[in-house]
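Colleague: this one's sequence-less:
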């Protein structure tokens, strides 16, 4: 089987920084025309000037026409004027809200959303999208309930207070999130990862605890996975591709306290194709991967093409990550599709 798609976009991607860029950018650029690059570096990308410098480093890591779509890291100290500078720069397409302590490099994130209301109002006025890591960071809460609680206590009130603000709830993991996005209207959308489409949480415990299936938000129940598949393959324009490929060095994963994140960037499109094929919906992949995200972000649809073939191959046990190595999702296992052009 051969499959040709309009060159897609990845609307949620971690590229890290430094020497790792040379390893992480090329495989993404081979598959995607554009990618929304997350700002949770150390220190975080909080200004337009920092985003410009990071963008230059990303572009230096590839010789292709790949376009990084930059984001700013929202803090309680972000000034409304920074939104004006970001909008006028032209290369910043979203501001990212991390609840403080919710995930990797989120310590500088938001503790009190009310402290950001002035910035959110400016974003609404300027048409800047708010991208959200939708989990509360309450250590007393069941970790599998973090996304539903965030929707109830933070996101629902936010959409009521700022009805004109465009919001993307990233890497949705639950049926609750799918239902909320469906009911919220055209200004609220969601990205869905390949790993949340392919796996439920039981994979993390098969044959022993697997750190390479640990991510935030965590893989959820089979019922939740079925809801995500229905949303991704259902032709609904407010659900689109965001891989959340998040590499960590092997030593940060295979340790007493594993870092949250799954590396799929080496074959993200192939993994999505597999999920859609298993659902009998390969004909819906192009809308999900190549059209709906661009439309929501107000970007022109790409004109280039990529091709996949159904030709099983075995993923390597690791890939280089600067001076270290990263273990990819499906390391040593077979993938169903291969990128051909």
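Modeller: Looks like it came in fine. If you're wondering where the values come from, they're calculated on a predicted model, not measured in any experiment.
Colleague: Now do the end-to-end distance for stretch 250-257.
Modeller: 12 Å (C-alpha to C-alpha, to the nearest Å).
Colleague: Can you list the neighbours in contact with it?
Modeller: For stretch 250-257, contacts defined as C-beta atoms under 8 Å, 6 or more residues apart in numbering pick out 211-212, 214, 258-259, 318, 324-327. Using the backbone N, CA and C atoms, a C-beta is placed for each residue, glycine as well.
Colleague: closest to residue 87 among the residues you listed?
Modeller: The shortest approach to residue 87 among the contacts of stretch 250-257 belongs to residue 259, at 33.1 Å (C-beta to C-beta).
Colleague: so who does that closest one touch?
Modeller: Applying C-beta under 8 Å, 6+ apart, we find residue 259 in contact with 104, 248, 252-253.
Colleague: on that earlier part again, sort out which of the contacts of stretch 250-257 are in helices and list them.
Modeller: If you go by DSSP state H, the contacts of stretch 250-257 have nothing in helices.
Colleague: Include distance to residue 65 and pLDDT when you put the residues you listed into a markdown table, please.
Modeller: Listed next are the contacts of stretch 250-257 as a markdown table, based on distance: C-beta to C-beta, whole Å; pLDDT from 0 to 100:
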| residue | distance to residue 65 | pLDDT |
| --- | --- | --- |
| 211 | 36 | 96 |
| 212 | 32 | 97 |
| 214 | 34 | 96 |
| 258 | 36 | 95 |
| 259 | 32 | 96 |
| 318 | 29 | 98 |
| 324 | 29 | 98 |
| 325 | 29 | 98 |
| 326 | 25 | 98 |
| 327 | 30 | 98 |
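Colleague: Would you reformat those as a markdown table and include distance to residue 287?
Modeller: What follows is the contacts of stretch 250-257, written out as a markdown table (distance: C-beta to C-beta, whole Å):
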| residue | distance to residue 287 |
| --- | --- |
| 211 | 34 |
| 212 | 30 |
| 214 | 30 |
| 258 | 35 |
| 259 | 33 |
| 318 | 34 |
| 324 | 37 |
| 325 | 36 |
| 326 | 31 |
| 327 | 32 |
